[in-house]
Structures are given as structure tokens and as C-alpha cells.
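Predicted model, plus sequence, below.
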Amino acid sequence: MNDLAVVICPLVAFLLYYNTLHAGFVYDDKRAILENADIAPGSPLKDLLLHDFWGTPLNASGSHGSYRPLITLSFRWTAQLVGLDRAYWFHWINVLLHCIVTAVVTLMAGRISALLFHRRDHVASTFYYGSYVSGLLFAVHPIHCEAVAGLVGRADIVCTLFFLAGLLTYTKRKSNLTATLILTCAAFFSKEYGIMLTPVCLLYDLVAISRFMKMNRMLFNWSVLISWSLVLVLFRFWLSDFQTPQFARADNPTAASPSWTTRSLTFLYLPVFHFGLLLWPRWLSFDWSMDAIQPVISLKDIRNIVTIVFYTVLIMAIRKIVIVSTPSESRCKQRRIVVALTIIIITIPFLPATNLFSYVGFVVAERILYLPSVGFCLMVGLGTQILTTSVKLRPYQHQMMFYSITILLLAMGWRTIKRNGDWIDEEHLYRSGIEINPPKAHGNLGVVLQQSGRLTEAEWNFKRALSYRPNMADVHHNLGNLYQQQVRYEESLQAYNRAIHFRPQLAGKFSIHILLYFFFLFIIIEAYSEKAKVLFKLKRWPEAERTLLECTRLTTDNFLRDSTAHQTAKESATILLGDLLSRNASREKEAEDWLLRARQLAPRNPLVYYQLGEFLSARSRYDEAAEVLVQAAEMDPNNVGWTVAAAHALHDASRNVEAEIYFRRAVNLFPMVISHRLNLGAVLHVQGKFDEAEQVYLKALHLSPNHPLTTANLQRLRNSLQNKNHRNQSLT
């Protein structure tokens, strides 16, 4: 029957999460997978060990510090097998992994049941009751939605899988220490809290002392486990130059509070709130940052009562396990071991998230409860089994318990299905978070709506976000982009100015958080650049020049997070400044200097070479222009704009043989565009390749009959061919 439970519980998990298979890449998935250079097939594998989860070097000041190389490797393998555009298979793997973990939890519950009860006749019918309840509760619990439906949650699933495998290996009658060490390493390389497997194993030994193992053997195991864990932790800190990550104040506002009372009371309350999500997962959100949870600033706060009750119950349970000893009652001791193990699994893996060791970059995070929920589900399942087998219940009481558990599982299953629907795409996800975190949800929703062309809705959401937090520079910047898109240039300028205004205020307030400073620096450089573009369109040249000069002076030497977008914004400002100055004949030398500076700033950006080439070509410096534009075309061979520009520059420099190559490439890239064929025909004509030129023109006429320019060029070609024939006849 236990074998049946190991099949049924994962099957239920699969059915509940089936609706996530058609979800896309949402929220953090894009940055961790689609925008992560370490996922690309050509990137060095060693970078997986040296970079964080988002592809940034761990020793960079902009690194988030999340270290999960095994998960990044799994994303890379998935991308190589099915491609980066196939989110279906990424989700399929997540669901499959969740089903496997569900099976392991069910198996673990069965093993603990065997510890608690011997298969005697009067308990045979309920022997596997705890296995079913634990396994099904884990399968249906809505707290797992973020970990399973969100692809970055794979880290929590895989870490939990290795963690439980290591624990099961260690707690066997004949434990395999080598396997436990390997699984500890695998759990740690999946997510940082995997290292907590070591204290869990040590605490298990303390609770179940002398059960299967002699003291000397146990002390040897402890020394090896602790040493191995220290090596792993030191290796991780060595990779980051022994620096801890710094987070934005909005990510964890309490950490920046100057009040010791506020920090203490709030950090004591947050684990209680997390446990409340396990008990009653009604309120779930993709993001709990900013003011989603109000800090506990006073002893008068009513939430302190809940905190006191929670820790009182926890301490009493621990005291009963540790102090109350009844060695003669083996059954009672076994139950204490089980209760202790469930409490250990709930609490110990959660410790890194409590801000006890160092401040973390979140207030509440649902997916970090994936592993602690194992202990919770085991406690509930095995608690019901103890109740049904050890307490004399009447038949109707058994039925009431059965129906209550059934209703609980059905309700949680339905909540899981509904919550999975929120993760289907970003619009649904952000709308679902409005009630919990309105400024973050409205701001993100505005971006999604803007990208889909629903500008009126996007504007409303941006303004709604600012009504909650007026100092969000990124939202002001996005609103400026929207106004520019709607040709509302004056309003766009005002929005960019507000973004620039709030940047120094915010950076000054949170200067201890260098990551936040660089994040806002990225926003402001984009705001400067976009503001200058608006001034261009309004022909307010002096203001545009001043804006661009300010933008190019902003330093970004240490900034690495979102570096591609940030670098692009600064390059754009430099190019725009060169373009602006080139409009003034008396400042051409300055313009060229800025364009050359842009090339130094971005030696692999074809747009820089294109702008420089166009500048040189406009001043009849054709040979120089041709060299630069050919470089642009070779950097991005599939860009027809660079290709045609290079071909024209080569033609102007009288390098028609090379020009022919690039005009042919343009025709191959866009064979239906008539102008490309006309250009190719013209350069063939100039080289005296009349027959080839005629075929090119005829093909153009086939695509667009009676095209006047094609007809004229063809007639001119035939006149040239006729004149050539006359000359040849005269010579003979």
C-alpha cells in the first residue's frame, strides 16, 4: 500500500500543476534564463562556478550573491536540448522534479511510520495513513506554486531533493557518509541553504542518540560533516572575495531601520508570518518587498502577541523533546524523535532567511518555504496517524477527521490550481499582486501593458504606482518613455526630470547599499538619454547638448548588474552627442571626437561604427567611411541596414568589386526589396557586367512590373550594351 501512495501522491501533484506547462518566462525567469550569458552554449563552463545565478561575477560589487551553479547548468542543458524559446519544456522539468520530491516526501513519511508503528493487526488499516496525508498535503499545498510555476524556483526544488536524499541516506541503519557528503555539496550548489543539511544531521543524531550508531562513530561523522561544510562555505566566500552582498532598502526595509527595537521585533515576527503562510496560504504574492509587510515598530503592536505565542509553543515543544526523558518507554521516545525531526526540518533550513546571520534581500519569500514545508507536511500527516491509532476515537470521530482532511486537501488543491493561473504570464502575475504590493505590481504591470501597446492602461498603472510611492525613479522613467511614444514630449521631459530629481535623493539616502546606487544610476543614464532624444525632436539643441554631456559624465565603473542595458544607454548618449554636434559645421571636430570616444566605449557595437561611417561619408571621406561601415556590416551580417551602408560606401570609394559582394548580401537577406536589386544591377553595370546586370533588372521587373526606376535602368543598360556592340562592329 505504501508503494501505491508513492505513485498516487506524485500523480496528484502532476495533475495540479499541469496548467503551468503552457506558461511562459515570467518575472525573474527572463533574467535568470533568457538574459543570462552563462546559459548560452558558447560561454565557458567554468563561469558557472564563478558567476552568480544571474550571470554576474560573484566578486563584482553588483552581484546579487545568489550561488546556484547546478541550476544554471540545468537551464543551459535544457536550452541546448529544446532551445530558449520553448518554455513548455522548462516548465515540464519543474513539474517532474516536484513530482519526484513529492514521492520522496511520501516515502519518507512511510519510513517514519515504520519507526512509529509496527505492523500489527490493530493498526494495519492505518499504517500508511500518515504517508498519504503527508504526501498529498505536500502535493497540493499552494505555497509551492512559486517554486514550481516560476522557473527560477527550480533551485528550491532541486535543493530539497538533494537535501532529503542526503537526510534519508544519513538516517539509514547503515548510513553512507560519503553519499551524504556528495548530496550536501549538490544541495549547496543548488541553493545556499542546502548547507543546512549538516546541522540537520547533527541534530538528528542528538535526538536519536545511540539509536543505530556508537558514540565514536557519531563523533567521527560529525567532524567530517562539519569540516566538509566549512570547506564549501569558505569556497563560496572565496569566490566573492569574502564580501557579503548588499541589497536595496526597498527589498528589505527593516534591515535599514535605525531602530534596534523595530529590527528585532520585525525579524522575530517574519518567521511567524512565514509559518502562517503554511497554515493559511490565502494571501500569496510574486513580491513582498517595500511595505508589503509593515514593520513592527512598537511593543504595543498586536502582532507581538502572535510572535510570543509562536515562540512559546516552539520552546515548549523543544523542551519536551530535550529535557523530558523516558528511556524506558521506547514508543514515546520514538514519537519524540519524529516530532523533533519534523521541527528540525521546518526550522533549520529556514534559519538563513531569518536575517540572523546576515541581512537578506527580501521580506517574505514563498519559495524558500518549499523545503521547510516538508517538515510541516510530515508533522500534519504523522500527527493525524498518531491521533487515529493511539487515541480511542469513536467511528463518527474517525469519519469527521477523514472528511476534514479531505476538505482541507481539496481546498488547497483548488487554491493551487487558481494560483498557477496567476503564473501563466506576467500580466496575470502582476495583477494578482496588486492587493499585497500595489506600487511594485502597478509599476511592473504598466511595463507589460506598454509593451503590448495598451498605452492608456499602462499610463494609469504607472500613475497608480506613483500614488503609493512618488519617489520611484524607475516608474518616472518608464512613464517618460510612454509619453515619448505618444509624442507628448513636454510631459515626457517632466517625467524624465522627476526621475533624475529622485535619483540623488535616493542614492544619498541609501548610500550604504552600493547595489541600489548603481541600480538607480542605470535608470538615470537612461532617463538622461531619453530626455535628450525628446529635446532633439523639439529642436532644443543647447538643452539636448547639456543633457547628453551630463549623461556621459556619470560614472559606471563598478556597475555590472544589467550591464548590457546600462552600457547601451551610455553609448546612445555619446552617439547622440556626436550626431548633435555634427549638425554645426563649426563643431565637426568635436563631433568626430565624440564618435571616436563612442567607438572606444563600445568596440563591438555596430551602431557606433555605422554612425561614424555616416559622419565620414557625409564629409566625402569615402575610403575611411568604407572601412568603418564594412566593420559594422561584418559585426552583424544579418543587419541589412549595415550591409547596404557598407555597399554604398564602397561604391562611393570606387571599390565596386567589394560593393558588389555587399549588395548581393542585401539581396539575399531581403530578396523581395526592389531597391537592393536596383543597387546590385547598377554596380554590375558600372563594372561592365551587362548580362548579369540585365538578369538582375529583369528579376526586379518580375517582382514589380512597370516599376519606373527599374525600367529606366534597364533601358540605360541596354543602350550601353547597344553602344558597346556598335563600337565592336566599328573596330571590326
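Received the coordinates, thanks.

tell me the contacts of Asn437?
285, 287-290, 292 (Cβ atoms under 8 Å, 6 or more residues apart in numbering). Every residue, glycine included, has its C-beta placed from N, CA and C.

Does the closest residue to it other than its chain neighbours belong to a helix, a strand or coil?
Beyond its immediate neighbours in the sequence, the residue positioned closest to Asn437 (Cβ to Cβ, 6 or more residues apart in numbering) is Ala292, lying 4.3 Å away. Three-state secondary structure (criterion: DSSP: H, G, I helix; E, B strand; the rest coil) places Ala292 in coil.

So what's the predicted local confidence for Ala292?
Among the per-residue scores, Ala292 shows a pLDDT of 80.

Which stretches in the stretch 201-350 of the chain count as strands?
Per DSSP state E, counting those that start in this stretch, the stretch 201-350 of the chain has no strands. Nothing in it meets that criterion.

follow-up on the earlier one: tell me the two of the contacts of Asn437 that are most distant?
Spatial extent of those (Cβ to Cβ) is set by the pair Ser285 and Met290 at 11.1 Å.

ok, so what distance separates the residue nearest to Asn437 from Pro253?
Shown here: Ala292 relative to Pro253, a distance of 10 Å by Cβ to Cβ, to the nearest Å.

swap in Pro470?
16 Å.

More neighbours: these two, which one.
For the pair Pro470 and Pro253, the greater number of neighbours falls to Pro253 (19 against 12), based on other Cβ atoms under 10 Å.

Contact partners for the more buried one?
When contacts are counted by Cβ under 8 Å, 6+ apart, Pro253 touches 290-291, 295, 363.

Who wins on neighbours among those residues?
Highest neighbour count within these, by other Cβ under 10 Å: Val363, with 24 neighbours.

Secondary structure of it: a helix, I assume?
No: counting by three-state DSSP, Val363 falls outside a helix, being coil.

Isn't it up against Trp288?
Yes: at 4.8 Å, Val363 counts as touching Trp288 under the criterion of Cβ atoms under 8 Å.

Val233: how many residues sit nearby?
For Val233, the number of neighbouring residues by other Cβ under 10 Å comes to 14.

going forward can the numbers begin at 52, since that is how I track them
Yes, from this point I'll number from 52; that puts the last item at Val284.

Double-check it against Met247; I have them as touching.
No: in this structure Val284 lies outside contact range of Met247 using Cβ under 8 Å: 11.1 Å.

circling back: and for Ala343 and Pro304, which residues touch both?
With Cβ under 8 Å, 6+ apart applied, the overlap between the contact sets of Ala343 and Pro304 consists of Val414.

Low-confidence ranges, the stretch 52-201 of the chain, go.
52-53, 111-113, 115, 166-179 (pLDDT under 70).

any idea how far Asn512 is from Leu422?
Counting by Cβ to Cβ, the gap between Leu422 and Asn512 amounts to 35 Å.

one step back: nearest to Asn689 among the contacts of Pro304?
Using Cβ to Cβ, Met341 is the member of the contacts of Pro304 that lies nearest Asn689, at 42.2 Å.

Just list the residues touching that closest one, thanks.
301, 304, 488, 490-491, 520.

JSON lines for those, including pLDDT?
Compiled in JSON lines, these are given as follows (pLDDT from 0 to 100):
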{"residue": "Ala301", "pLDDT": "59"}
{"residue": "Pro304", "pLDDT": "70"}
{"residue": "Asn488", "pLDDT": "89"}
{"residue": "Pro490", "pLDDT": "91"}
{"residue": "Lys491", "pLDDT": "90"}
{"residue": "Arg520", "pLDDT": "88"}
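
Quick check: of the residues you listed, which lies closest to Pro403?
Nearest to Pro403, judged by Cβ to Cβ, of those is Pro304 at 19.4 Å.

who touches whichever strand or helix holds Glu685?
For Glu685, the enclosing helix or strand under DSSP states H and E is helix 673-686. Surrounding helix 673-686, the residues in contact under the criterion Cβ under 8 Å, 6+ apart are 655-658, 660-661, 663-665, 667-668, 690, 693-694, 696-697, 700-701, 703-704, 706, 709, 713, 716.

still on that earlier bit, mind telling me the two of the contacts of Pro304 farthest from one another?
Every pair in these was compared (Cβ to Cβ); the two farthest apart turn out to be Met341 and Pro346, at 11.4 Å.

Give me the neighbour count for the closest residue to Tyr78 other than its chain neighbours.
The shortest distance from Tyr78 to any non-neighbouring residue, by Cβ to Cβ, 6+ apart, is to Phe337 (5.8 Å). Residues near Phe337, counting by other Cβ under 10 Å, number 22.

any idea how far Phe337 is from Ala416?
Distance of Phe337 to Ala416, given as Cβ to Cβ: 10 Å.

low-confidence ranges in the stretch 252-401 of the chain?
Going by pLDDT under 70, which is the cut-off in play, the stretch 252-401 of the chain has low-confidence ranges at 260-265, 295-303, 373-385.

how is the protein carved up into domains?
The chain resolves into domains spanning 53-472, 722-783 when parsed by automatic domain parsing.

from the middle of its chain, how far away would the last one be?
What that stands for is domain 722-783. Its chain's C-alpha centre and that of domain 722-783 lie 55 Å apart, by Cα atoms, centre = their mean, to the nearest Å.

What of the longest one?
Centroid displacement of domain 53-472 relative to its chain, using Cα atoms, centre = their mean, is 20 Å.

Quick check: phi and psi on Pro108?
In this entry, Pro108 is assigned phi and psi values of phi -50, psi 140 (degrees, to the nearest 10).

Give me the neighbour count for it.
By the measure other Cβ under 10 Å, the count of residues near Pro108 is 15.

cool, and Thr358?
By other Cβ under 10 Å, the residues close to Thr358 number 19.

Spit out the contact partners of it.
So, once contact is read as Cβ under 8 Å, 6+ apart, Thr358 ends up touching 316, 319-320, 323, 347.

ok, now Asn355?
Taking Cβ under 8 Å, 6+ apart as the definition of contact, the neighbours of Asn355 are 316, 320, 347.

May I ask you to name the longest helix in the protein?
Longest helix of the chain, by residue count under DSSP state H: helix 138-167.

Tell me the helices and strands packed up against that helix.
In terms of contacts (3 or more Cβ pairs under 8 Å, 6 or more residues apart in numbering; DSSP states H and E), helix 138-167 is packed against helix 53-68, helix 120-133, helix 180-191, helix 196-200, helix 205-221, helix 381-398, helix 423-441.

can you tell which of those is closest to Ser543?
The closest approach between Ser543 and any of the helices and strands packed on helix 138-167, judged by Cβ to Cβ, belongs to helix 196-200 at 36.0 Å.

doesn't Ala516 make contact with Leu500?
No: judged on Cβ under 8 Å, Leu500 makes no contact with Ala516 at a distance of 12.0 Å.

of these two, who's got more company?
Legend: neighbour count by other Cβ under 10 Å for Leu500 and Ala516, higher for Ala516 (26 against 22).
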